[in-house]
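Student: coordinates for the following, if possible.
(one chain, ligands or ions: 1)
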Amino acid sequence: MTGDPLLRISGLTKHFNVRLGAFGERKATVHALDGLDFDIHEGETLSLVGESGCGKSTAGNTILRLHSVTAGSVIYKGIDLARLDEAAMRPLRSELQVVFQDPYSTLNPRMTIGEEIVAPMLHHGRATRKDVLEKVAALLADVGLPARFASRYPHELSGGQRQRVVIARALACGPRFVVCDEAISALDVSIQAQIINLLQDLQENTASPTCSSPMILPWCGTSRRGWR
Ligand SMILES: Nc1ncnc2c1ncn2[C@@H]1O[C@H](COP(=O)(O)OP(=O)(O)OP(=O)(O)O)[C@@H](O)[C@H]1O
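Tutor: Next up is the predicted model:
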């Protein structure tokens, strides 16, 4: 790959301080991630593969700054995300999205599908009250759902349909990068294939990048490689 990477991860390390013992009387440190390095370019998909507990989710969450960073750097657009505080991260949040494993727990049961998708767009000023309905319909169409689903609640959808909604919500603000943390593992095998195909189609047809654990997909291009 030529050109600057979209994301350059160097020496990324995350340790958690925990308490052990029946009463939490002993302190210990969990080395969840130690010295992760990789570059990812626009259009690339990077998969993180490894045994349970090896730090895949921690890698995704730390890159997105859902966790603080113990050491190392996450260079995105020339900025080290590891050094930013929450206020400085806020304007970048719409560009860095995540799709988690269980779509049911990430959707608010009291919000309609339309409200779920609209919320990040209004929050980040990506839609006005005037064009919001049109944008929701377009996003639902992108993930293969009819516009009438906008008025439904999460419990009225199948698992695969819910995950499509979560993907539509992640795409609502035009992300450059999406972390998919085992985005298909809670779904039936046949639905898993549909969601993977959907992610690949969206990646090829939209102008942004993606990352995931165990898959990292930058969101606009073609090449793919594995990482262990
Ligand atoms: N918030 C936390 N506090 C303390 N330890 C944590 C925390 N989050 C994760 N860990 C520990 O960090 C290590 C890596 O966890 P992580 O969830 O990243 O693994 P994983 O590779 O995604 O596993 P799996 O494939 O089972 O989801 C594990 O030992 C886990 O117990």
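Student: around the ligand, pick out the residues from this structure.
Tutor: By the rule C-beta under 6 Å from any ligand atom, the part of the chain lying against the ligand is 16, 18, 30, 32, 50, 52-58. Every residue, glycine included, has its C-beta placed from N, CA and C.
Student: pick out the most distant pair among those.
Tutor: 18 and 50 (20.9 Å; C-beta to C-beta).
Student: checking the spatially most central residue of the chain next. Helix, strand or coil?
Tutor: With distances taken as C-alpha atoms, centre = their mean, the residue of the chain nearest its centroid is residue 98 (1.6 Å). Following DSSP: H, G, I helix; E, B strand; the rest coil, the label given to residue 98 is strand.
Student: could I get the contacting residues of it?
Tutor: 60, 64, 66, 170, 178-181 (C-beta atoms under 8 Å, 6 or more residues apart in numbering).
Student: could you report the distance from it to the ligand?
Tutor: Separation of residue 98 from the ligand (C-beta to the nearest ligand atom, to the nearest Å): 13 Å.
Student: just residue 8 next, same as before
Tutor: With C-beta to the nearest ligand atom as the criterion, residue 8 and the ligand are 21 Å apart.
Student: that residue contacts residue 73, correct?
Tutor: Yes: with contact defined as C-beta atoms under 8 Å, residue 8 counts as touching residue 73 (7.5 Å).
Student: how far off centre is the helix or strand containing residue 193?
Tutor: Residue 193 is part of helix 189-205 when elements are defined by DSSP states H and E. Mean-position distance between helix 189-205 and its chain equals 15 Å (C-alpha atoms, centre = their mean, to the nearest Å).
Student: pull out the buried positions in that helix.
Tutor: Using 16 or more other C-beta atoms under 10 Å as the burial criterion, the residues of helix 189-205 that qualify are 191-192, 194-195, 198-199, 202-203.
Student: got it, and stretch 89-102?
Tutor: So stretch 89-102, judged by 16+ other C-beta under 10 Å, has buried residues 92-102.
Student: all helices of this structure, in order?
Tutor: 56-63, 86-89, 103-106, 113-123, 132-142, 159-171, 189-205 (DSSP state H).
Student: just to revisit the earlier point, out of the contacts of residue 98, which are buried?
Tutor: Applying 16+ other C-beta under 10 Å to those flags 60, 64, 170, 178-181 as buried.
Student: ok, of these, which one's closest to residue 124?
Tutor: Checking these one by one against residue 124 (C-beta to C-beta), the nearest turns out to be residue 170, at 12.5 Å.
Student: in space, what's closest to the closest one - neighbours in sequence excluded?
Tutor: Of all residues not flanking residue 170 in the chain, residue 97 sits nearest, at 4.0 Å (C-beta to C-beta, 6 or more residues apart in numbering).
Student: need the contact list for that neighbour.
Tutor: Here residue 97 is in contact with 170-171, 173, 175, 177-179 (criterion: C-beta under 8 Å, 6+ apart).
Student: please apply the same query to residue 168.
Tutor: 117, 139-140, 142-143, 145.
Student: who wins for neighbours among these?
Tutor: Taking other C-beta atoms under 10 Å as the neighbour criterion, residue 117 ranks highest of the contacts of residue 168 with 27 neighbours.
Student: got a list of what that one touches?
Tutor: Contacts of residue 117 (C-beta under 8 Å, 6+ apart): 136, 139-140, 150, 165, 168-169, 172.
Student: again, 6 Å this time
Tutor: Neighbour list for residue 117: 136, 139, 168-169, 172 [criterion: C-beta atoms under 6 Å, 6 or more residues apart in numbering].
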